[in-house]
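>>> Sequence and predicted structure, then a few things I'm wondering about:
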Amino acid sequence: MRIPYEVLLDLYRGRALVVERMPSAQRDALRVGTPLAAFIERAARESAPRHVVLTGNAGDGKTFAALTSDASAFWVETDASADTSGRPPIEALADRLEGHLAGGERLLVAINRGQLERLAEHAASGPRLREFLAEAREQSTLKVSWEGQVDADVAVLDLGLVDWTSPGVTDPLLDKVADADLSAVTGDARRAAEQACAALKQPHVRAWFRRVLAGVRAEGRHLTMRQIWSYLAYLVTGGIGQGESARVLSVADTVGARLFSYDARRTPLENALPAADPARRPLPDVATLLLQRRAHEHLTAMPGIGPLAAEASQCTDGVAAARAAVVHDPGRRLDEGEEDLFSSLFKRLVSKPPAWHKLPSVTRPLLQGAYRALSAWNSDPAFPAWQTLCYDSVRFGAAPSVANGDVAPESLRLALPRPPPRCDQALSGTWRPPYVWLGAERNGSVDQAGALRLPPTLFRLLYGGGGPLPTATSLVIARWLARLPTQQDPDRVRVSRAAEEGVSRSLLITSDDLTGRIRIEEV
């Protein structure tokens, strides 16, 4: 079923994302063949897993996935506050779920992380809910390996960990909006929407779309399903309603120009993307065509612009023309941009078997970054295992640290947190880790409990030297360093204190067994 133009407008405005309040026909029109939807529908048919829990952040699409998938075999619970008795919402939800479980029903529950945690506090509502929540908690964890573990009856899918730039996610969404039903819109708005839909069917335009999303993610920002839907709906409609169809449209109403147009209605996704503006890069060929008043000839032949560039007067805006050319010209080489470091590391680790891996080209810069962030002394290959003497976060910047042993960089190991098998199956290659583990090998094994979690932003700061760390994060790193296995030297102690402008000063204190003297020197 095709999405009507008016529903796209509601998606852009954020209205249609309250899917509980949508008519069933509109809800059916929003069904998208993502791996997640396919998993829910397959689970409904095959009776395994018995229950599915969708969790994540606000806007990640939990309720959307539950209500736009064929989940007829499940009792669908999407609102923790649906009880009208006036009781506490979570307590009422616990009683409802216990009742459905006692009745032998299968559950599809869309619930945010905080509510799922609070629900465990009310598990006393019944034994079946306690068992359900215990298995859900187990399936909510991430491990280095799930090898040998039988698939559980409860599948917990954290939609906050979906990679929205993956073709497995973006292609079904693009297919859906590019095939929108435009029969109810007329005039110039119809012409612009038709050109936009034609553009979104082109491989090079889709590659550009994914580049924009990857640029947002590389900045460490979290992308949600709500943002993606609103953004795609904007690219088709431009926010133009039927009452505005009489206005004159131009090249600025193409997919490429809409994203960056100075006077266009904007969605939250674009507001933080000035660095991604392709018009900031000089395009001599487009400038020449503009000066020769031949830009319309060049742009008219591009898919997704067509009649909008028929008049030369519509191609005098150099910024709009450059943006349109960058996105819509199939022959123009798309600059994908440099992949962010975390994504590169993720790809290296996901191609390896589940285990702790030695990646020297990564671990040594990370260790150097940790010392740099703490303004602690180090001299490659010597990395002292610092123990901070003051854990008062207010005074941490001036706190001295001591070490009497060196960390061996070759002992460091990296591991990728893996989702439970059901989750991995459901998201089918579209899952993205929230962090990687950095640990140290001791006696042939790595203690996962003592590993340091490196989310994308922290990884970028440590590996690339992006700036000062928050005090709380610095404390975590200092404590992690203090726990690393080291080669001890009881006759030598270093004392380090951060100095002005991030430059550290270190004292080396050694004892002479022959003379019994203590030597102190600055290093």
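Cool, the structure landed.
>>> quick one: contacts for residue 342?
436, 456, 459-460 (Cβ atoms under 8 Å, 6 or more residues apart in numbering). From N, CA and C alone the C-beta is placed, and that goes for glycine too.
>>> Just put those in JSON lines and tack on neighbour count.
As requested, these are exported to JSON lines (neighbours: other Cβ atoms under 10 Å):
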{"residue": "436", "neighbour count": "22"}
{"residue": "456", "neighbour count": "24"}
{"residue": "459", "neighbour count": "24"}
{"residue": "460", "neighbour count": "20"}
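>>> could you dump the residues you listed to CSV with secondary structure, pLDDT and distance to residue 30?
Converted to CSV, the contacts of residue 342 look like this (DSSP: H, G, I helix; E, B strand; the rest coil; pLDDT from 0 to 100; distance: Cβ to Cβ, whole Å):
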residue, secondary structure, pLDDT, distance to residue 30
436, strand, 97, 35
456, helix, 88, 30
459, helix, 93, 35
460, helix, 88, 35
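>>> Closest one of those residues to residue 165?
residue 456 (13.1 Å; Cβ to Cβ).
>>> and the residue nearest to the closest one when sequence neighbours are not counted, how far is that from residue 299?
Take residue 456 and drop its neighbours on the chain: the residue closest to it by Cβ to Cβ, 6 or more residues apart in numbering is residue 342, 4.1 Å away. To residue 299, residue 342 is 37 Å away according to Cβ to Cβ, to the nearest Å.
>>> Please apply the same query to residue 283.
12 Å.
>>> between the contacts of residue 342, which is nearest residue 293?
Using Cβ to Cβ, these come closest to residue 293 at residue 460, 45.9 Å.
>>> That closest one is in contact with residue 345, isn't it?
No. If you go by Cβ atoms under 8 Å, residue 460 and residue 345 don't touch, sitting 10.5 Å apart.
>>> Any regions of the stretch 251-400 of the chain where pLDDT drops low?
The model of the stretch 251-400 of the chain has pLDDT under 70 over residues 260-280, 311-314, 334-338, 391-394, 396-397.
>>> Which stretches in it count as helices?
Taking DSSP state H, counting those that start in this stretch, the helices of the stretch 251-400 of the chain run over residues 255-260, 284-291, 295-300, 318-328, 341-350, 360-374.
>>> possible to save these as JSON lines with distance to residue 103?
Converted to JSON lines, these look like this (distance: least, Cβ to Cβ, whole Å):
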{"stretch": "helix 255-260", "distance to residue 103": "50"}
{"stretch": "helix 284-291", "distance to residue 103": "66"}
{"stretch": "helix 295-300", "distance to residue 103": "62"}
{"stretch": "helix 318-328", "distance to residue 103": "54"}
{"stretch": "helix 341-350", "distance to residue 103": "41"}
{"stretch": "helix 360-374", "distance to residue 103": "52"}
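>>> ok, back up a step: give me the more crowded residue out of residue 283 and residue 299.
Using other Cβ atoms under 10 Å, the more surrounded residue of residue 283 and residue 299 is residue 299, with 26 against 19.
>>> Count the residues that sit near residue 44.
17.
>>> Near the nearest residue to residue 364 once chain neighbours are set aside, how many other residues are there?
In space, residue 364 comes closest to residue 409 once its chain neighbours are excluded; the distance is 4.9 Å by Cβ to Cβ, 6+ apart. Other residues lying near residue 409 total 19 when counted by other Cβ under 10 Å.
>>> residue contacts, residue 409?
Residue 409 touches 360, 363-364, 367, 381, 383, counting by Cβ under 8 Å, 6+ apart.
>>> That one and residue 370: what is the separation?
Distance from residue 409 to residue 370, by Cβ to Cβ: 11 Å.
>>> quick revisit: quick one: closest of the helices of the stretch 251-400 of the chain to residue 144.
helix 341-350 (10.4 Å).
>>> Flag every buried residue along that closest one.
341-343, 345-346, 349 (16 or more other Cβ atoms under 10 Å).
>>> I'd assumed residue 85 was in contact with residue 92.
Yes. At 6.5 Å, residue 92 and residue 85 qualify as touching, with contact defined as Cβ under 8 Å.
>>> tell me the centre residue of the protein?
Centrality entry for the chain: nearest residue to the mean C-alpha point is residue 222, 4.6 Å, by Cα atoms, centre = their mean.
>>> part of a strand, is that residue?
No. Counting by DSSP: H, G, I helix; E, B strand; the rest coil, residue 222 is located in no strand; its state is coil.
>>> who touches it in this structure?
By Cβ under 8 Å, 6+ apart, the neighbours of residue 222 are 57, 160.
>>> got the phi/psi numbers for it?
phi -90, psi 130 (degrees, to the nearest 10).
>>> Offset the numbering so it begins at 25, please.
With the count now opening at 25, the last piece we talked about shows up as residue 246.
>>> Please report how far it lies from residue 46.
From residue 246 to residue 46 the distance is 25 Å (Cβ to Cβ).
>>> ranges for the strands of the stretch 125-274 of the chain?
In the stretch 125-274 of the chain, the segments counted as strands under DSSP state E, counting those that start in this stretch are 131-134, 178-182.
>>> Work out the sheet partners of the shortest one and label each with its direction, please.
In other words, strand 131-134. Within its sheet, strand 131-134 is paired with strand 75-79 (parallel), strand 99-101 (parallel), according to DSSP bridges.
>>> Ok, the last one next?
Sheet pairing of strand 178-182 (DSSP bridges) gives strand 75-79 (parallel).
>>> Extract the CA atoms of the strand it pairs with and return them as CSV.
What follows is strand 75-79, C-alpha atoms only, in CSV (Å, rounded to 0.1, in the frame of the first residue of the first chain):
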residue,chain,number,x,y,z
HIS,A,75,7.8,-13.2,23.2
VAL,A,76,9.4,-10.1,21.7
VAL,A,77,10.4,-7.0,23.6
LEU,A,78,11.2,-3.8,21.7
THR,A,79,13.1,-1.3,23.7
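>>> mean confidence for that strand?
For strand 75-79, mean pLDDT is 95.
>>> which residues sit against it?
By Cβ under 8 Å, 6+ apart, strand 75-79 touches 64, 67, 86, 89-90, 98, 130-137, 140, 156, 160, 163-164, 177-184.
>>> List buried residues within the residues you listed.
64, 67, 86, 89-90, 98, 130-136, 140, 156, 160, 163-164, 177-184.
>>> how near is residue 329 to residue 283?
Residue 329 is 14 Å from residue 283, by Cβ to Cβ.
>>> Compare those two and say which is more crowded by neighbours.
The residue with more neighbours, out of residue 329 and residue 283, is residue 329; 31 against 24, by other Cβ under 10 Å.
>>> got a list of what the more buried one touches?
Contacts of residue 329 (Cβ under 8 Å, 6+ apart): 219, 223, 275, 278, 323, 348, 352.
>>> List every C-alpha atom in the strand or helix carrying residue 506, with coordinates, as CSV.
Assigned by DSSP states H and E, residue 506 falls within helix 495-507. Presented in CSV, the C-alpha positions along helix 495-507 are these (Å, rounded to 0.1, in the frame of the first residue of the first chain):
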residue,chain,number,x,y,z
THR,A,495,36.3,14.9,35.0
ALA,A,496,34.2,11.9,35.7
THR,A,497,35.5,10.1,32.5
SER,A,498,39.0,11.0,33.5
LEU,A,499,38.5,9.3,36.9
VAL,A,500,37.2,6.2,35.2
ILE,A,501,40.3,6.0,32.9
ALA,A,502,42.6,6.6,35.8
ARG,A,503,41.1,3.8,37.8
TRP,A,504,41.2,1.5,34.8
LEU,A,505,44.9,2.2,34.3
ALA,A,506,45.5,1.5,38.0
ARG,A,507,44.0,-2.0,37.6
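>>> how many neighbours does residue 192 have?
16.
>>> who touches it in this structure?
58-59, 452-454.
>>> Which members of the residues you listed occur in helices, if any?
residue 59 (DSSP state H).
>>> now that we have the contacts of residue 192, which one has the most neighbours?
Busiest of the contacts of residue 192 [other Cβ under 10 Å] is residue 58, holding 26 neighbours.
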